[in-house]
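[1] the following block contains a protein sequence and its predicted model.
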Amino acid sequence: MKRLITLLRHGEAVTYDARGDFYRPLTEDGKLNIQRIGAFLERQGLYPDLILASPTQRTQHSAEKLHKMLFPGLKPAISLDRQLYNADAQTLRNVLQNLADDVHHVVMVGHNPGISALPTLIAGADIRKKRMFPSLKPAAMIMIEMTGNWADLETSSGRILQQVDPSKVPQDFPWPDKDGTERRKRPPYFYRQSSVIPFRVKQDDDAGENIEILMTLSSSGKHFVIPKGAIDPGMSAVESAQKEAREEAGCIGTALEPAIGSYHYQKWGARCDVEVFAMKVTELLPETDWEEAHRGRKWVTLAQAIEIVREDGLRKILKTFARQVQALH
């Protein structure tokens, strides 16, 4: 029986995170290159039965980005294995040797140097024959075919099918789906987005109730924004908005329905449509539990938020925010 092993190095990550190496997130280029590899595999019809990943933020998110490209709308079937964190090649091979027999194609998302050294332990004879020197850059992959049982995986078992660098695959994506003829700079789901306005109500002895808005730094760190992001395949707009609130601003609450408005803006060479929800904040996560704590956050008055936001459509929604929130309660 033939089996496929796709070894994928995680996407490029930031070089430092105050919480430690385990929490270093992917850069924007790192996310995009993983998505390009996912689109490349999808075009070839190479869908894995299992995605294995180290539980670090950069490897887990690489696995999730890959999964969204290959299986849009389905919950991630990703197995996180602590053994894969900075593991050497022998440890990685042991993990493969213990896979279940019903797995026919596995994607392993890991770290260098182990992930680049592993091909020598499972396809060493073929590597020497082809005079290859496997070395995986961030988001690069190598695919190996083997025959037989996982437990029998040894140096001469595998045959290198392809080694792919993200810079060598198409840099854009088909629109509106994988069969579309139009090309865009991001995957299709990026152009339908949702946003959440996290708020709290403070009692003021002189002015009565005052609304404050929780804002967070943009991914570039240059200005404060309202949490916003693409609606993940398989999620509703409001579910995705609450997810963005937790990830970007480290806050939890219940988003009020229906949406209080929508707007659009131009990005990545096309129009992005955004649904906006209000969310009364019930809890602020500590930095250790906040996925994007490097962003920073602050409470501002509603009037300040109106001045800070850059999108005209969002500014118009904020100007009527107090009235709309009252109507939803």
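    Sure thing, it's come through.

[2] helices along the stretch 151-300 of the chain, start to end?
    237-249 (DSSP state H, counting those that start in this stretch).

[3] ok, residue 92 to residue 216 distance?
    37 Å (Cβ to Cβ, to the nearest Å). Heads up, the C-betas are built off the backbone N, CA and C, glycines and all.

[4] the helix or strand of the chain with the lowest mean pLDDT: which residues count as buried?
    Least confident helix or strand, the chain: helix 321-328 with a mean of 79, by mean pLDDT, DSSP states H and E. Within helix 321-328, the residues that qualify as buried are 321, 324, 325, counting by 16 or more other Cβ atoms under 10 Å.

[5] just stretch 139-157 next, same as before
    139, 140, 141, 142, 143, 144, 145, 146, 150, 153, 154, 157.

[6] same check on stretch 84-96?
    84, 85, 87, 89, 92, 93, 95, 96.

[7] before we move on, what about stretch 265-274?
    272, 274.

[8] surely residue 190 meets residue 268?
    Yes. Residue 190 lies in contact with residue 268 (Cβ atoms under 8 Å); the separation is 6.8 Å.

[9] select the longest strand from this protein.
    strand 251-267 (DSSP state E).

[10] partners of that strand, with directions?
    Taking DSSP bridges as the criterion, strand 251-267 sits next to strand 270-284 (antiparallel) in its sheet.

[11] what mean pLDDT does the partner strand have?
    Strand 270-284 carries an average pLDDT of 96.

[12] restricting to C-alpha, output it in CSV.
    Presented in CSV, the C-alpha positions along strand 270-284 are these (Å, rounded to 0.1, in the frame of the first residue of the first chain):
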residue,chain,number,x,y,z
ALA,A,270,-10.8,44.2,-4.4
ARG,A,271,-13.7,45.1,-2.2
CYS,A,272,-14.0,43.7,1.3
ASP,A,273,-17.5,43.6,2.9
VAL,A,274,-17.7,43.9,6.7
GLU,A,275,-20.6,43.1,9.0
VAL,A,276,-20.3,44.9,12.4
PHE,A,277,-21.5,43.6,15.8
ALA,A,278,-21.7,45.2,19.2
MET,A,279,-20.3,43.1,22.1
LYS,A,280,-20.6,44.0,25.8
VAL,A,281,-17.3,42.9,27.4
THR,A,282,-17.7,40.6,30.4
GLU,A,283,-14.0,39.6,30.8
LEU,A,284,-10.5,40.7,29.8
